[in-house]
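Trainee: Pasting a predicted model and its sequence here:
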2 protein chains.
Amino acid sequence: MDTVAELAARLRVDSIRSSTSAGSGHPTSSMSAADLVAVLVARHLRYDWRDPAAVTNDHLIFSKGHASPLLYSAYAAVGAITDDELIDGYRRFGQRLQGHPTPVLPWVDVATGSLGQGLPDGIGLALAGKYLDGLPYRVWVLCGDSEMAEGSMWEALDKASYYKLDNLVALIDVNRLGQRGPTDLGWNVAAYERRCQAFGARTLVIDGHDLAAIDDALASVAAPEAVDRPTVIIAKTVKGKGFSEVEDSPDWHGKPFPEDMAERAIAELGGRRRLIVRSLEPPAPAPTEEWDAVEAVDLPTYELGADVATRKAYGAALVSVGSHNRHVVALDGEVGNSTHAGEFAQKFPDRYFEMFIAEQQMVAAATGLGVRGYIPFASTFAAFLTRAYDFIRMGAISGANVKLVGSHAGVEIGADGPSQMALEDIAMMRAVHDAVVLYPSDATSTVALVHAMAETPGICYLRTTRGAYPVLYDATEEFPVGGAKLLRASEADDVTLIGAGVTVHECLSAAKQLAGEGITARVIDCYSVKPMDAATVAAAVGATGGRVVVAEDHHPEGGLGSAVLDALVAHELADIRLAHLAVRGMPGSGTTRELLAWAGIDADHIREAATMLIAKSVVGSH
Amino acid sequence: MDTVAELAARLRVDSIRSSTSAGSGHPTSSMSAADLVAVLVARHLRYDWRDPAAVTNDHLIFSKGHASPLLYSAYAAVGAITDDELIDGYRRFGQRLQGHPTPVLPWVDVATGSLGQGLPDGIGLALAGKYLDGLPYRVWVLCGDSEMAEGSMWEALDKASYYKLDNLVALIDVNRLGQRGPTDLGWNVAAYERRCQAFGARTLVIDGHDLAAIDDALASVAAPEAVDRPTVIIAKTVKGKGFSEVEDSPDWHGKPFPEDMAERAIAELGGRRRLIVRSLEPPAPAPTEEWDAVEAVDLPTYELGADVATRKAYGAALVSVGSHNRHVVALDGEVGNSTHAGEFAQKFPDRYFEMFIAEQQMVAAATGLGVRGYIPFASTFAAFLTRAYDFIRMGAISGANVKLVGSHAGVEIGADGPSQMALEDIAMMRAVHDAVVLYPSDATSTVALVHAMAETPGICYLRTTRGAYPVLYDATEEFPVGGAKLLRASEADDVTLIGAGVTVHECLSAAKQLAGEGITARVIDCYSVKPMDAATVAAAVGATGGRVVVAEDHHPEGGLGSAVLDALVAHELADIRLAHLAVRGMPGSGTTRELLAWAGIDADHIREAATMLIAKSVVGSH
């Protein structure tokens, strides 16, 4: 334990040195948890620091990501990074020791810094360990007390107990102080204990600065009574512990000490330490178990013209993709019979995780599963993915490999009304860094795109439609991410009509109507909203005198119309005459036809907009 | 109690009739809660159905909004709507009885249908009743058991107990079945009880079909032991109760009965009922208490050129606006010392509600406060508002009067790294129906816009900046919502530079540099991103040969550049040569200057982009 005490002192000193050197950071939030992390890293964490990819390594997540000085100081104490990097690299431009941890560092699984996400992410890793990998690694999550106010933490504990995740250990650093003052519950560790127990966790309440007590608590996770439920260690701590000038002070959140204070603090802590510790060796991986043979299921095919809902094609495609790739797993927010993820659940129950109505946890679990090399497809109504936007945003920072599927998009859904109608989801997903956004119009393209999603790393979003619409494509057609389909074109078209999803069918109807009036329309199915096939779009619009009608079942901001405009600008097409049809009002209930007409995005409105564009050009040319 | 039993039968029969007539809806989820609602409406709810605006009316929220047949049947049973409207209007186009309740109906406070939101919204109403109105109304919230899996429900109970909301009563309809099968906890009412108690609620577990037990439970909310904490009534119920063919069946979620089944169900329930019941009279409002006099605080003014952070100006402005309008209240997500909402909290502690780190609950509480006529300003880091996107989206359906303020936007924040950098928030907020999006560049305009937000109904978003930048405007300048400022213009400008927030300063610097090269640039401060001053923008771009540089501290999709393009298209400006500078990579830590340069949105990059646009035009004109 002497070594551990020395290590704890080193972690505190280095947390101070790095943050003072950077001129920003959270030394006091690091110091409260230094004893917890010292005992964990020196005596319980099984981790080969030279091989962060080793499959039997434990996982260490700082859900309180602002304690990055502590995490990085631990990296230095195990020799993973140098003291120079710790002191001169922390929070500097171009360096990997960022203000909050991200997987730019090989030892970091998921980006944290938006509170209440590390524990939910950890659920995904623990699910992988217990149910998929069959590996004995543990997932240790250091949580702040402030972040226990986030509902997502309780979604996480609920799922941890439902799935009996005894490989998950949460350590709550109850230092009683948040950013601007005392937390909701302060040092009421009994209240935390009651809540965690009620959510199904085994709990231990300890003095977070008593090294022996910490050691006992961490050792107990291997005890028989810890089986089949998560452990939560509730540690009463003191913010700024170790430096008497700031201990338990509400005035020192997120502030580095000035040089003179840092010197006094380091002196009080007994000066710099240089000891290097090792973590426990992770066990050698057991010989890989052979996965049970799975009967390959062919990709579904559909007859041209048959009415099939894209959400239904999604379910069938996922079963096929999953039969060929055992890393494909699925999650759903308790609506699998609507999204058709239920078909995967029936076929591959061992690779399906029901997340109930907890969309934040669903996305977080998918993020964690992705860390272990799985390809998680997570589905719910598209409208309800808005619930998880912060998790999706953080997933992009994590470089998460997550496939999101949102069904029941737009006013097309009809009678259920606006609460169930996704009208913001494309804008939301397009703004996510490097995310792919797909919106197929028929069953054939849906199948191809589900297949493509599994092969495309990163965050991909598929928007599906409630109703059944005619199959437009033969199974031989290819649908690369970033492509578009010219569904109708002639040498001398008057106008380009662009749709995606349900509006592709409206564009085709409009084109037929226009043909009857002697107007020839080019029709593009922009199934890949991001990246967009800017070349095809720009060429079409250029060939039709800049005249283009875009129709989308989405609010006008940030969706398909916006993507088309961005594509045209990127191709330096200067002369643009766009009629942008989108859902500009607040819808109510109704039938699909009534609502598409009300929104002004049906074939009649597209035809009318095209006719007006052409009439204007004629006037303009006089 | 005979009347109540008759009422319960009527509610079940009418839930069946309305949903069967509509061909969609959730009769079985209505039937499980019919006894709870019958006892509540007939014997405990104090409500004048002829005067939904009466200030002493209780509030009735269906957090399980899909039970709309039950709610609307109750409206019919109290005579608020006709049987014709109930049967022929439900879920029909253009009608107000939508698939899920919205405030299109005068008796509905908030839109529900995205689960886990009605209870959080109710917290806002209960806060208003207890701490602001001083009125004795109760807030009754009917919750589903499925939605208890949403973390937001636990954020709500946490705040309900923290704020001692004894005027809040949640009724959980534990019918054990979700959409696609059993819920997480099934009929484990003891588990619900432990969780609710651990979160500080008084709980009662009852048989949800025992009218006397329900009556006792509802009566008990006035008992001494119910003081200073919320009550949660956990009612064990049977889905589809009353129609033996479907009782407790997992196959009948969200499905109306076909005509023949509906007939059998109504027969089993004893046929149609026509009784009309009355709710209890709400008490007469007490004579309005005089509010304590508040010393008026002048709007802050700033010296031209002084460096002031817009987030700091926000805090000062809010104090001033709050001193003139007692309906202004503030909430914050435990970062009030960063957003500067803390200044309002210090000045007006009675009108400030600390929401700790629970952004969903913060927005929901604001929504509820808005229902009672308050003007809530809710602030946190802009990045963390993404946590509440589903609540903001639903707020738009509610017609909520909510003012959101997000600080620390973009890469400008520097060392903290990407988790703290809002780079998606403008896209997210622009896509919200009818939302106003404001992004001031200096302290003077911030003050004016905070004032304007208080006067502008609906959802308004203000994006503030971390760092201090020069004051650009004199206090006499006006900043209408939907306006823009021409900061620099001459008769013959070569190019238009458009910025908002921090990039306005970069545009000004670039214009100065360009002037040195003999290029005259027009500079626009687009402080109102939505609605945008399309006329000013289009006129400027038109006057500069279509040449425009837009620079924004946001990802390229759906933000300022997108808004400018939409404005140009709306003004039918066909000839557009846009250079769009935005944050196209994933940032790390660094200084503000390093990161603005890295992102390519600083003055140097703006100058360069302008120069290239002009060079291209010259080539093009040969």
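Mentor: That came in fine, so what should we check first? Nothing here was measured: the structure is a model prediction, and the numbers come from that model.
Trainee: Could you report the separation of residue A:492 from residue A:521?
Mentor: 11 Å (CB to CB, to the nearest Å). C-beta coordinates here come from the backbone N, C-alpha and C atoms, glycine included.
Trainee: again, but for residue A:32
Mentor: 66 Å.
Trainee: pLDDT wise, what is whichever residue of chain A sits closest to chain B at?
Mentor: Residue nearest to chain B within chain A: residue A:151 (2.3 Å; CB to the nearest CB). Listed pLDDT for residue A:151 reads 98.
Trainee: Next: the one 10 residues further on.
Mentor: Per-residue confidence (pLDDT) for residue A:161: 98.
Trainee: Helix, strand, or coil at it?
Mentor: helix (DSSP: H, G, I helix; E, B strand; the rest coil).
Trainee: which one is it nearest to, not counting chain neighbours?
Mentor: residue A:200 (2.5 Å; CB to CB, 6 or more residues apart in numbering or on different chains).
Trainee: For that neighbour, give me its contacts.
Mentor: Applying CB atoms under 8 Å, 6 or more residues apart in numbering or on different chains to residue A:200 gives the contacts A:157, A:158, A:160, A:161, A:162, A:229, A:230, B:191.
Trainee: for residue A:458, same thing?
Mentor: A:399, A:400, A:401, A:434, A:435, A:436.
Trainee: What about chain B: which of these touch it?
Mentor: Residues of these in contact with chain B (CB under 8 Å from any CB of the partner chain): residue A:434.
Trainee: if we can go back for a sec, return the member of the contacts of residue A:200 nearest to residue A:353.
Mentor: Nearest to residue A:353 among those is residue A:162, at 9.9 Å by CB to CB.
Trainee: Now do the closest one: how many residues are near it, please.
Mentor: Residue A:162: 18 surrounding residues under other CB atoms under 10 Å in any protein chain shown.
Trainee: swap in residue A:251?
Mentor: Around residue A:251 there are 11 residues (other CB under 10 Å).
Trainee: Could you look up the SS state of it?
Mentor: Residue A:251 ends up coil, using three-state DSSP.
Trainee: Output stretch A:100-110 as PDB, nothing but the C-alphas.
Mentor: The C-alpha trace of stretch A:100-110 is given here as PDB (Å, rounded to 0.1, in the frame of the first residue of the first chain):
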ATOM      1  CA  HIS A 100     -11.200  15.900 -22.400                       C
ATOM      2  CA  PRO A 101     -10.200  12.300 -23.400                       C
ATOM      3  CA  THR A 102     -10.800  11.100 -26.900                       C
ATOM      4  CA  PRO A 103      -9.800   7.900 -28.700                       C
ATOM      5  CA  VAL A 104      -7.100   9.800 -30.400                       C
ATOM      6  CA  LEU A 105      -5.300   8.200 -27.500                       C
ATOM      7  CA  PRO A 106      -5.000   4.500 -27.900                       C
ATOM      8  CA  TRP A 107      -6.000   3.800 -24.300                       C
ATOM      9  CA  VAL A 108      -9.200   5.700 -24.600                       C
ATOM     10  CA  ASP A 109     -12.300   3.800 -25.700                       C
ATOM     11  CA  VAL A 110     -14.800   6.600 -26.000                       C
END
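Trainee: Does chain B have contacts with that stretch?
Mentor: Yes. With CB under 8 Å from any CB as the measure, stretch A:100-110 is seen reaching chain B through A:100, A:102, A:104.
Trainee: Would you format these as JSON lines with secondary structure, neighbour count and pLDDT included?
Mentor: Converted to JSON lines, these look like this (DSSP: H, G, I helix; E, B strand; the rest coil; neighbours: other CB atoms under 10 Å in any protein chain shown; pLDDT from 0 to 100):
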{"residue": "A:100", "secondary structure": "coil", "neighbour count": "27", "pLDDT": "98"}
{"residue": "A:102", "secondary structure": "coil", "neighbour count": "26", "pLDDT": "98"}
{"residue": "A:104", "secondary structure": "coil", "neighbour count": "16", "pLDDT": "98"}
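Trainee: same for the longest helix belonging to chain A, what does it pack against?
Mentor: Using DSSP state H to define each element, chain A has its longest helix at helix A:2-22. Here helix A:2-22 touches helix A:27-31, helix A:34-39, helix A:68-77, helix A:211-219, helix A:259-268, going by 3 or more CB pairs under 8 Å, 6 or more residues apart in numbering or on different chains; DSSP states H and E.
Trainee: ok, residue A:106 - contacts?
Mentor: Counting by CB under 8 Å, 6+ apart, residue A:106 makes contact with A:52, A:53.
Trainee: same thing but at 7 Å, please
Mentor: By CB atoms under 7 Å, 6 or more residues apart in numbering or on different chains, residue A:106 lies in contact with residue A:52.
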